[in-house]
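Chemist: just a sequence and a predicted model for now, questions to come.
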Amino acid sequence: MDSPLQSIPLFMVGPESFAVPIMASVVVTWAIMAVLVLGAALLTRRLTLVPSKVQAAAELLVSTVDQQIRDVTGAAPAPYRAFVGTLFLFILIANWSSLIPGVTPPTATMETPAALAAIVFLSIIWFGIRGGGVGGFLRGFALPNPVMIPLNILESVTRSFSMFVRLFGNVMSGVFVIAIVGSLAALLVPIPLMVLDLLTGAVQAYIFAVLSMVFITSAVEKGKPQPSPEPEDT
Amino acid sequence: MDYVSIVSIFCAAFAVSFGALGPALAEGRAVAAAMDAIARQPEAANTISRTLFVGLAMIETTAIYCLVIALLLLFANPMMP
């Protein structure tokens, strides 16, 4: 059986000496990106005040994402909607792409969750700096007191790492179990497991989005000027 | 089959089994507490279930770590000849 920790290049791109291996997960990622971009472009091309059925479904999705962001942050959802919504939709479609026969979800290989977690890590820094300035963001590391600085720095790395391992482990284990069961009894037996996989995929996409939102919010909140004895904070 | 393979396979099974025990108990407690809270305060069900999901994901990560360790032992073992 193939190792789930390894990915095999599908084909090579570029001149022979600098050929870049293209993995199957990258091709699936491109396909998902194309579907998302084209779908969004088609959906928003002809928006009307009285929505059609498709537009109503899209509006329901956007307003649900907005409501979730508002619940987590307690602030206006506009700055985070694009990032968190795209993250959720991409991971959801990537997890559910295992329904198409022959497609391994890109989140079941190591690279894609690692890249997503790296994006979240950077966006925490970006939103933190945008919310409280560089000084405010850096001061957030010294909360509740400066003794915690090394631990806080360590935590900011490990929580992104744990997001990576969580997404990768959940999706990969689902695919792996289906492969094992399918090799034993391929007809109808894996179907309950695939249904369970759909649920896990949706929950993991939701959790990834909510956790990134929680971490961004904590970075923004910590960076905010606090009522403290330092006068330059105001 | 040499020594290292046998020990690796045993350890992978042990890692998964014992790594599943703790999170299973913890998740059971968490869900029970959330059910209790929802039964007391049905109007807070949304907040409670969101927090529950996030907490369950956090707990589950420990089991996933054990799974990854088991897979590393089986497929990417540096000691394996």
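Modeler: Perfect, I can see it now.
Chemist: which non-adjacent residue is nearest the residue nearest in space to the middle of chain B?
Modeler: Nearest to the geometric centre of chain B sits B:Ala63, at 2.1 Å (C-alpha atoms, centre = their mean). Using C-beta to C-beta, 6 or more residues apart in numbering or on different chains and skipping residues adjacent in sequence, the residue nearest B:Ala63 is B:Pro23, 4.2 Å away. Quick note: C-beta positions are derived from backbone N, CA and C, even for glycine.
Chemist: show me what the helix or strand harbouring the one you found is packed against.
Modeler: B:Pro23 is part of helix B:3-40, with elements assigned from DSSP states H and E. The contact analysis (3 or more C-beta pairs under 8 Å, 6 or more residues apart in numbering or on different chains; DSSP states H and E) places helix B:3-40 against helix B:45-75.
Chemist: quick one: the helix it packs on to helix B:3-40, angle?
Modeler: For helix B:45-75 against helix B:3-40, the angle by axes from the mean of the first three to the mean of the last three C-alpha atoms, to 10 degrees is 180 degrees.
Chemist: would you list every one of the strands in chain A?
Modeler: For chain A, the strands defined by DSSP state E occupy A:9-13, A:20-23.
Chemist: comparing those, which gets the lowest mean pLDDT score?
Modeler: Lowest mean pLDDT of these: strand A:9-13, a mean of 78.
Chemist: surely A:Pro51 meets A:Ser63?
Modeler: No. Contact criterion C-beta atoms under 8 Å: A:Pro51 and A:Ser63 do not qualify, at 11.6 Å.
Chemist: with adjacent residues omitted, what lies nearest to residue 12?
Modeler: Unless you meant another one, I'm taking chain A. Distance criterion C-beta to C-beta, 6+ apart; nearest residue to A:Met12, sequence neighbours excluded, is A:Ala19 at 4.0 Å.
Chemist: my bad, chain B
Modeler: B:Ala70 (3.8 Å).
Chemist: how about the contacts made by A:Arg139?
Modeler: Contact partners of A:Arg139, counting by C-beta atoms under 8 Å, 6 or more residues apart in numbering or on different chains, are A:132, A:222-223.
Chemist: which residues of the chain score low on pLDDT?
Modeler: No chain specified, so I'll use chain A. Within chain A, the ranges that satisfy pLDDT under 70 run A:1-2, A:225-234.
Chemist: chain B is the one I meant
Modeler: For chain B, the ranges with pLDDT under 70 are B:81.
Chemist: mind doing that once more with 80?
Modeler: Across chain B, the ranges flagged by pLDDT under 80 are B:1, B:77, B:79-81.
Chemist: tell me, how many residues neighbour A:Leu36?
Modeler: Residue neighbour count, defined by other C-beta atoms under 10 Å in any protein chain shown, stands at 14 for A:Leu36.
Chemist: I figured it hits A:Phe88, correct?
Modeler: No. Contact criterion C-beta under 8 Å: A:Leu36 and A:Phe88 do not qualify, at 11.2 Å.
Chemist: so what's the spatially most central residue of chain A closest to, chain neighbours aside?
Modeler: In chain A, the residue lying closest to the centroid (C-alpha atoms, centre = their mean) is A:Leu87, at 4.2 Å. Distance criterion C-beta to C-beta, 6+ apart; nearest residue to A:Leu87, sequence neighbours excluded, is A:Ala209 at 5.2 Å.
Chemist: list the residues that contact the one you found.
Modeler: Neighbouring residues of A:Ala209 by C-beta under 8 Å, 6+ apart: A:68, A:84-85, A:87-88, A:91.
Chemist: distance to A:Ile119 added to these, as CSV?
Modeler: Listed next are those as CSV, based on distance: C-beta to C-beta, whole Å:
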residue, distance to A:Ile119
A:Gln68, 19
A:Val84, 11
A:Gly85, 14
A:Leu87, 8
A:Phe88, 13
A:Ile91, 11
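Chemist: ok, these vs chain B, which is closest?
Modeler: Ranked by distance to chain B (C-beta to the nearest C-beta), those are led by A:Gln68 at 7.7 Å.
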